[in-house]
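[1] this one's structure only:
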RNA sequence: GCCCGGGUGGCGGAAUAGGCAGACGCACGGGACUUAAAAUCCCGCGAGGCUCAAACCUCGUGCCGGUUCGACCCCGGCCUCGGGCACCA
């Protein structure tokens, strides 16, 4: 067994073998427990980056580990291939999105294959292909059928650069999350999915997910933003209409000194009509139309508003309350109208101070000054009710309950719950997406495409000119059609769906990827779902993960799935950094995976990225660290090939009694390593420490070289174990050396090694002896040593005797197997 | 402002139930091999003190305080970095 570690040859060799043997192809095998390992599928930008490598390396370790542990492992891969970059490339370079995308996928698939990942490529899916988006459209139809897809006219987020609308979730700090252009407000008729119907379940079922990071669940809870309160009506002086407000603090109702409507509130115009405020109100409303929601709701924006000229009546005491409009009240939350209590709400407080509106304290907290003039900020804490009529003296919590029941008994109010979560806007004025399967007929109105007519194909011959309308608007052969109900001429919807729709159900398509009738059959879905381990970037904590949960619940409701949550366990990996910041073109700090693989091989690339940091934390790229991992694999190569001839024909004996000390030590190390690596992978995903343990085993093999008389059984066991443990991390070198050591079957097909508790029993152990918590001596004792003997051994130790001779021993604490602590005076 | 994470050698990081701080790797230093260098193999490597050397001693996990026989770990307060949310009534 000569020659050096030629990673390029062996990696190619094994990738070819895996491909030819369909080594990772998998079916439903009911005899084995199933395991569904999934990494977030990539957008095919054309090139793999280090973030991908990290994501897929982590997934591959888990998938291979589970396979070797006897699970039937599903580990698929696909392409989230609809989306703007393809269309932008078309506009810029004239390449058709379909061709551009296909070429990128080709390229990235090859790059992925050079990493040696254990994917079942027979299940590969591509969301931009008709065989997939047919069922994205199917999902739309089902949602429509169940009243969960609807069209409405709404002021929506408009990205002037992408020339399309965006979901609320896609607006970050007032800018488009993709291109960072400032988002504008635009009134359009758009399709929405009624995710708000699922708000409570999306919130409650987070409890079913102990395997998710608390951070992600918190982010989702905040996003759903449930708040409990009550809603009630107020009459308006001189008007027949009433106004309805939502408040979480009905206990402060006696402190109301003004009301606020959102500028878009439908009552605004008639309330102001004929008053001397009319002109000012019109001017303000007009001005607010041009301010985006995002700017308006930013905390930095100063509160401003105008009086409408109208007065509402406080139902508790018939007090006349001026009605204002203000920028800080939003039409699409609650009722678009609030009761303002400046003493107990910071926003109302600021507004009242600015416009000299009276402030009245009604909840007396510990530090609340009774005189409102002394307030420097709103007092929002609990307290005793004052200035509140019959309710004086109650705790505010009790007052809350009583006032809600009073309003309810009067028939003007009720306890309600509000969510910040809004419905999901899915229309996009773009070409490269799944067409919304709907037809508009003059007679029949909005008509969903019959299921049998799916897919609605994207036309290929198309012109790209950024216009703010879908390019499909200009394709007559596309939009001109006939009504499926009455047969008359009709028009197709020309908008396409948000790409998040495609990625909200892809994990179910892998289960039955070639089905032409349905997105998937229930049987394979019942076998495989849910995903046991999902892995991806934390940037999807809200958007993708919330939408996928919504779809799963919907599919459960229509009896397509038997589970309510898609991903039982979630691992959010950290970013890959270089020189302390995220790799990016503009910073010029990109390390290309292709280059690294070319220079060091895929095994080294995988090993480094797994070794440098635990998966959830950010990872600092280090060329020297990569070098170190490469050096380690060479070290493995040399020691295994050196021992190879010696052990090839050896059988591992069934028991290891009576070993020489050095052999005993190696045997111990082998089993200690099995234990450590298994636990690190299984329980904590601490691949970095798992790898360091494997490195220690390798070092132990080097140390054993000094032995003239080698125990070949022990040696063989150690070498085999080393390769088995390496297999999930660095599969190519593990396979190659496994074969070179004389094994016929692939290392991947082997059972994961089990540690033998016998081997971990030690005759003698070292115990630390402390005096007052400081280690003063280490003693060797038999591992069977009792507590009493341990104490005796510690106290009789000469050094300890010397150190304690002038002192009085107060107490001795004995921790068996660890230490003895002597407390002296 | 609020909510989550972090802060440990020159660096990436270990310490898994409150029990020997610094595993493993990198960098660095020394030795062996070599005509030489690289590669490789072996040894050392928190700071300070004492010492020819070893032994040994002191200090040390962002800062201050607490609980405990014993604290990187628990509690209180603060500093700092990163992330998320932020007029949602």
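    Yep, it's here. Predicted model only: the values in this text are computed from it and were never measured.
[2] RNA strand B contacts on the stretch 201-350 of chain A?
    A:214-215, A:218-219, A:222-223, A:225, A:227, A:229, A:246-249, A:262, A:296-299, A:301-303, A:327-331, A:333-336, A:338, A:345, A:347, A:350 (Cβ under 7 Å from any atom of the strand). Glycine gets a C-beta too; all of them are placed from N, C-alpha and C.
[3] from these, which land in helices?
    Applying DSSP state H to those, the entries found in helices are A:214-215, A:218-219, A:222-223, A:296, A:347, A:350.
[4] number of residues surrounding the residue in the stretch 501-650 of chain A positioned nearest to RNA strand B?
    Nearest residue of the stretch 501-650 of chain A to RNA strand B (Cβ to the nearest atom of the strand) works out as residue A:628 at 2.5 Å. Other residues lying near residue A:628 total 16 when counted by other Cβ atoms under 10 Å.
[5] please apply the same query to the one 3 residues further on.
    Per other Cβ under 10 Å, the neighbour tally for residue A:631 reads 11.
[6] what is the helix or strand it falls within packed up against?
    Per DSSP states H and E: residue A:631 is located in helix A:623-647. The contact analysis (3 or more Cβ pairs under 8 Å, 6 or more residues apart in numbering; DSSP states H and E) places helix A:623-647 against helix A:593-600, helix A:602-611, helix A:687-703, helix A:712-726, helix A:731-740.
[7] show me how far the second one is from its chain's centre.
    When distances are taken as Cα atoms, centre = their mean, to the nearest Å, helix A:602-611 is centred 24 Å away from the chain's centroid.
[8] show me what secondary structure element comes after that helix.
    Following helix A:602-611 in sequence order, the next helix or strand is strand A:619-620 (DSSP H and E).
[9] how about the closest residue to residue A:181 other than its chain neighbours, what does it touch?
    Closest residue in space to residue A:181, ignoring its immediate chain neighbours: residue A:161 at 3.6 Å, by Cβ to Cβ, 6 or more residues apart in numbering. Shown in contact with residue A:161 (Cβ atoms under 8 Å, 6 or more residues apart in numbering): A:176, A:179, A:181.
[10] hmm, the first one is touching residue A:162, no?
    Right, residue A:176. Yes: look at residue A:176 against residue A:162 with Cβ atoms under 8 Å: they come within range, at 6.0 Å.
[11] surely residue A:86 forms part of a strand?
    No: counting by DSSP: H, G, I helix; E, B strand; the rest coil, residue A:86 is not part of a strand but helix.
[12] surely residue A:432 is in contact with residue A:84?
    Yes: here residue A:432 reaches residue A:84: they are 7.2 Å apart, a contact under Cβ under 8 Å.
[13] these two: which has the busier surroundings?
    Using other Cβ under 10 Å as the criterion, residue A:432 and residue A:84 rank with residue A:432 on top: 27 against 22.
[14] helix, strand or coil for that one?
    coil.
[15] next one: it, what pLDDT does it get?
    pLDDT recorded at residue A:432 is 94.
[16] now it: how far from RNA strand B?
    Residue A:432 sits 26 Å away from RNA strand B, going by Cβ to the nearest atom of the strand, to the nearest Å.
[17] ok, now residue A:352?
    Distance of residue A:352 to RNA strand B, computed by Cβ to the nearest atom of the strand: 12 Å.
[18] which among the residues of the stretch 201-350 of chain A next to RNA strand B end up buried?
    Those of these that meet the buried threshold are A:219, A:223, A:229, A:246-247, A:249, A:262, A:296, A:303, A:327-329, A:331, A:333-336, A:338, A:345, A:347, A:350, by 16 or more other Cβ atoms under 10 Å.
[19] check contacts around residue A:639.
    Residues counted as contacts of residue A:639 (Cβ under 8 Å, 6+ apart) are A:698, A:701-702, A:705.
[20] turn those into CSV, including pLDDT.
    Putting the contacts of residue A:639 into CSV (pLDDT from 0 to 100) gives the following:
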residue, pLDDT
A:698, 97
A:701, 96
A:702, 95
A:705, 91
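[21] near RNA strand B, which of these show up?
    Contacts with RNA strand B within these, as defined by Cβ under 7 Å from any atom of the strand: residue A:702.
[22] of all the contacts of residue A:639, which two lie farthest apart?
    Farthest pair in these (Cβ to Cβ) is A:698 and A:705. Separation: 11.8 Å.
[23] the two: who's more crowded?
    With neighbours defined as other Cβ under 10 Å, residue A:698 and residue A:705 compare such that residue A:698 has more, 22 against 11.
[24] separation between the more buried one and residue A:632?
    As for residue A:698, its distance to residue A:632 is 7 Å (criterion: Cβ to Cβ, to the nearest Å).
[25] where does the residue positioned nearest the centre of chain A land on pLDDT?
    Nearest to the geometric centre of chain A sits residue A:541, at 3.4 Å (Cα atoms, centre = their mean). Note on residue A:541: pLDDT of 82.
[26] next up, phi/psi of it, please.
    The phi/psi pair for residue A:541 (degrees, to the nearest 10) reads phi -50, psi -40.
[27] does it touch residue A:215 like I think?
    Yes: using Cβ under 8 Å, residue A:541 is in contact with residue A:215, at 7.5 Å.
[28] near residue A:727, how many other residues are there?
    For residue A:727, the count of nearby residues is 24 (other Cβ under 10 Å).
[29] I'd say it and residue A:61 touch.
    No: Residue A:727 is beyond contact range of residue A:61, at 9.6 Å (criterion: Cβ under 8 Å).
[30] and the contacts of stretch A:615-634?
    Contacts for stretch A:615-634 (Cβ under 8 Å, 6+ apart): A:4-5, A:7, A:50, A:54, A:58, A:213, A:571-578, A:580, A:583, A:591, A:596, A:600-601, A:603-605, A:607-609, A:611-613, A:685, A:687, A:695, A:698, A:730, A:733.
[31] do that again at 6 Å, thanks
    Residues outside stretch A:615-634 that contact it (Cβ atoms under 6 Å, 6 or more residues apart in numbering) are A:5, A:58, A:573-578, A:591, A:600, A:603-604, A:607-608, A:612-613, A:685, A:733.
[32] what of stretch A:583-594?
    Stretch A:583-594 has contacts (Cβ under 6 Å, 6+ apart) with A:48, A:50, A:53, A:578-579, A:621.
[33] quick one: residue A:123 from residue A:27, how far?
    In this view, residue A:123 and residue A:27 are 11 Å apart by Cβ to Cβ.
[34] neighbour count winner among the two?
    More crowded of residue A:123 and residue A:27, by other Cβ under 10 Å: residue A:123, with 20 against 10.
[35] residue contacts, that one?
    Residue A:123 neighbours (Cβ under 6 Å, 6+ apart): A:76, A:510, A:513.
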